[in-house]
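Visitor: build me a model:
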Amino acid sequence: MNQREPRGQVRSSTDHDLAHWLSAEDQAEDAGRLDPDDRLTCHVHGRWIHQCVSSPVHVNPVTRHRWCRDCAAELTVAVDELARTVTMRCPQCNLGSSAATARLLTACRASLSQAGRKIQPRLVA
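Guide: Next comes the predicted model:
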C-alpha cells in the first residue's frame, strides 16, 4: 500500500521543499547518482526519512536495516526533533549496530537538519 501523499496537494513552503527533495532524489536514484541508503526522503511514505524511519517498512533483517542479528529483533527508534537527535537500539541487548543501520542513522540526521532549511537539493551529476 502506497501511503505517499499526492504531490499536487502541497500545503506550505515546507511541503513544497519536501516535494522538491522527493522529486530530485527520485530522479537521482533512478539515474544511478544516488544510493537509496543516502536518501534524506522516503519514496514510500513521501516524507523526510527521520519522520517515518520507525515504520516497519524500514526494517530489513537481510540487509540489517534497523535489525539486531544477535537477538533477531527490530531496533527501536527515538527521534527528537528539538534536540535533532536520532537513536536506534535493540530492545533486548541495547546494541544492534550494523553498517546499514549506521547509514540509516546518518541519513536521518541529515534529514532532520535539512527539513528545517529552505535550501534546494544539490545532487552530484
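
Visitor: ok, for the residue nearest the centre of the chain, nearest residue in space, not its chain neighbours?
Guide: Centroid check for the chain by CA atoms, centre = their mean gives Ile49 as the closest residue, at 2.4 Å. Nearest residue to Ile49, sequence neighbours excluded (CB to CB, 6 or more residues apart in numbering): Ser111, at 4.5 Å. Yep, even glycine has a C-beta here, placed from its N, CA and C like the rest.

Visitor: in a helix, the one you found, correct?
Guide: Yes. Assignment of Ser111 by DSSP: H, G, I helix; E, B strand; the rest coil places it within a helix.

Visitor: for it, give its distance to Cys93.
Guide: 27 Å (CB to CB, to the nearest Å).

Visitor: gap between the two ends of stretch 47-63?
Guide: End-to-end distance of stretch 47-63: 22 Å, with CA to CA, to the nearest Å as the criterion.

Visitor: may I see the buried residues of it?
Guide: In terms of neighbour count (16 or more other CB atoms under 10 Å), stretch 47-63 has its buried residues at 47-54, 58-59.

Visitor: CA atoms only: put the lowest-mean-pLDDT helix or strand in the chain into CSV for me.
Guide: Within the chain, confidence by mean pLDDT, DSSP states H and E is lowest for helix 13-30 among all helices and strands, at a mean of 88. Extracted C-alpha coordinates of helix 13-30, given in CSV (Å, rounded to 0.1, in the frame of the first residue of the first chain):
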residue,chain,number,x,y,z
SER,A,13,6.5,26.1,1.8
THR,A,14,7.8,23.2,3.9
ASP,A,15,5.7,20.8,2.0
HIS,A,16,6.9,22.4,-1.3
ASP,A,17,10.6,21.9,-0.1
LEU,A,18,9.9,18.3,0.7
ALA,A,19,8.1,17.6,-2.6
HIS,A,20,11.1,19.2,-4.4
TRP,A,21,13.6,17.0,-2.5
LEU,A,22,11.5,13.9,-3.1
SER,A,23,11.4,14.5,-6.8
ALA,A,24,15.1,15.4,-7.0
GLU,A,25,16.1,12.3,-5.1
ASP,A,26,13.8,10.0,-7.1
GLN,A,27,15.4,11.3,-10.3
ALA,A,28,18.9,11.0,-9.0
GLU,A,29,18.3,7.5,-7.7
ASP,A,30,16.7,6.4,-11.0
